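J.: Structure for this input, please:
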Amino acid sequence: MKDFYTRKSREEGYYARSVYKLKQINSRYYIIRRGDKVLDLGCSPGGWVQASLEIVGNQGFVTGIDISPVRRIEKPNFKFIRSDIEQAKIEGTFDVVLSDMAPKTTGARDLDHERSYFLAKTALEIAKEHLREGGNFLCKIFQGARYQEFLSEAKKNFELIKTIKPEASKKESKEMYILGKCLKHKKE
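T.: This next block holds a predicted model:
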């Protein structure tokens, strides 16, 4: 039996139930605004791209990167780069960097956490390189031994850090979202 958010996403034409996680976070913390340039790391199947495009409107732009293709999104203000995020050729700066990436889970909590930590750390490095000063970052990470280490690293780079578990997250899930608002001054 599908859960509430899965049914709702299908009824409303979204590609993934995770769209409601981003919508809930954004409605409270306003990380994405009309006209923003957004980079979505690990964007397949495209739910966060759909939500981001709705928020930024025609004046904004969304770039998505993933090794898997996104579902059909034909908008002039969306660019898809099919690539591993570590090898992707990312150009320019962004107002927001998003990462809802998760590893293929094995059921071994420590291994799954370690893989999640690696993805989150990679997303943070990309954000530090491609976010404009004052930009926002949202990243998923599984709770585990290196969760605090990641949180500490994020705190060094942003004026405000929040840990969030949106209502749309499954209760049994170990996922947490780290929100970094206002990237600190970049050192040249």
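
J.: got a pLDDT number for Ile141?
T.: Reported pLDDT at Ile141 in the predicted model: 96.

J.: That one contacts Ser116, doesn't it?
T.: Yes: counting by C-beta atoms under 8 Å, Ile141 sits close enough to Ser116 to count as a contact (5.3 Å). Bear in mind the C-beta positions are built from the backbone N, C-alpha and C, glycine included.

J.: elements contacting the longest helix along the chain?
T.: Assignment by DSSP state H gives helix 109-130 as the longest helix of the chain. Using 3 or more C-beta pairs under 8 Å, 6 or more residues apart in numbering; DSSP states H and E as the contact criterion, the secondary-structure elements in contact with helix 109-130 are strand 37-41, strand 94-99, strand 131-142, helix 147-155, strand 175-183.

J.: Please name whichever of the ones you listed is nearest to Arg82.
T.: strand 37-41 (13.0 Å; C-beta to C-beta).

J.: got any ranges where this protein has weak pLDDT?
T.: When the per-residue scores of the chain are filtered using pLDDT under 70, the ranges that remain are 1, 186-188.

J.: give me that answer again for 90
T.: Counting by pLDDT under 90, the chain contains low-confidence ranges at 1-8, 10-17, 71-72, 74, 102-110, 112-113, 167-174, 185-188.

J.: Name the surrounding residues that touch stretch 10-23.
T.: The contact list for stretch 10-23 (C-beta atoms under 8 Å, 6 or more residues apart in numbering) reads 2-3, 5-6, 8-9, 45-48, 50-52, 70-71, 98, 100, 138, 166-169, 177.

J.: Please apply the same query to stretch 152-167.
T.: When contacts are taken as C-beta under 8 Å, 6+ apart, the neighbours of stretch 152-167 outside the stretch itself are 20-21, 24-25, 29, 121, 124, 127-128, 137, 139, 151, 175-184.

J.: and Met176, bridged to which residues?
T.: Assessed by DSSP bridges, Met176 has beta-bridge partners Ile141.

J.: That one against Gly144, yeah?
T.: No: the pair Met176 and Gly144 does not pass the contact test of C-beta under 8 Å, sitting 10.1 Å apart.

J.: List the residues that contact Ile126.
T.: Listed by C-beta under 8 Å, 6+ apart, the contact partners of Ile126 are Leu39, Leu41, Ile85, Ile90, Val97.

J.: one more time with 7 Å
T.: When contacts are counted by C-beta atoms under 7 Å, 6 or more residues apart in numbering, Ile126 is found next to Leu41, Ile85, Ile90, Val97.

J.: What is the most widely separated pair among those residues?
T.: Checked with C-beta to C-beta, those reach their widest spread between Ile85 and Val97, with 10.8 Å between them.
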